[in-house]
Each structure stands twice: as structure tokens, then as C-alpha cells.
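Student: Sequence below, structure please.
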Amino acid sequence: MKQGLLTFSLLTMIFVSLSTEACRPCSKDVEVFVLKQASIVLEKSRSFDERKGYVTFIADIGHNTLSNLKITEVYPEGIPESAIKDMIQGSKYRLISNKKGHIACEAKAYELSFAFRLL
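Tutor: Numbering: from 1, shown residues only. Okay, here's the model as predicted:
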């Protein structure tokens with residue numbers, strides 16, 4: 001009887017703690033961290049004088065989603081846009097709320113820059 005009551009109370013605590021997490025309000029004050037930047041993949045026939053490049057872009061970033069991607073700057077010029085988009089979409093992001101007691105739901109029109117090597 002005591003073991004059953006202990007198990008029931010433990011399961012109730014887990015259920016309540018998980019459901020209260022979902023009730024926290026979303027924050028618009030969000031930071032985006034890049035957990036893993038994907039590598040740029042270019043055709044073997046492409047070669048550039050430069051060995052390093054960078055891209056600046058604006059996007060709406062959510063948990064496991066990236067939308068409204070707009071590339072604002074690329075160096076060196078001539079890198080195919082599809083390769084840059086694949087690198088950006090293949091990267092992993094994490095959202096952090098700057099407000100205590102809030103969760104980070106989405107970062108709207110967030111600007112990021114990536115530096116990369118051209119192999």
C-alpha cells in the first residue's frame with residue numbers, strides 16, 4: 001500500500017511538472033545560439049581565389065524550423081545561393097529567452113552571420 005502511494009505521488013509530480021512547463025508564456029526577447037554550423041558543399045569544378053567566406057542572413061528561427069530566409073550579404077561573390085541555403089538550413093540552432101519565467105518560442109527576423117572555409 002505504501003509503495004503504491006509513493007509510486008502514485010511520484011507519477012503525479014512528474015505529470016504536474018511537465019504540464020506546468022507548457023503553460024509558461026512565450027517571450028519575444030530571444031537569443032539564438034548556433035549549436036552546430038553545417039559545412040558548405042560546393043561542386044568540385046568550382047574554385048575561388050579566397051579560402052574563407054562569410055554570409056549574413058535574416059530568418060525566422062523556431063525550434064527545429066527556419067523560415068522566411070533572406071540572404072543579405074555573401075563573400076566571395078559567385079557562391080551558388082542553393083549551397084548557402086543548404087548550409088544555413090542544415091545548421092542547428094537553440095533559442096534562449098532573456099525573460100525569467102518565459103520560454104523562447106520563436107525569433108522573428110533574426111540576423112546572423114556565418115564564417116566558413118571554401119575547400
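Student: pretty sure L35 contacts G90?
Tutor: No: contact between L35 and G90 fails when scored by C-beta atoms under 8 Å: they sit 12.0 Å apart. From N, CA and C alone the C-beta is placed, and that goes for glycine too.
Student: who's more crowded, those two?
Tutor: G90 (14 against 8; other C-beta atoms under 10 Å).
Student: which residues does that one contact?
Tutor: By C-beta atoms under 8 Å, 6 or more residues apart in numbering, the residues touching G90 are A38.
Student: so what's L35 up against?
Tutor: 91-94.
Student: Looking at strand pairing, list the partners for the residue nearest in space to the middle of the chain.
Tutor: What sits nearest the mean C-alpha location of the chain, by C-alpha atoms, centre = their mean, is Y93, with 2.1 Å. Going by DSSP bridges, Y93 is paired in beta bridges with V34.
Student: Retrieve the pLDDT associated with it.
Tutor: With respect to pLDDT, Y93 scores 93.
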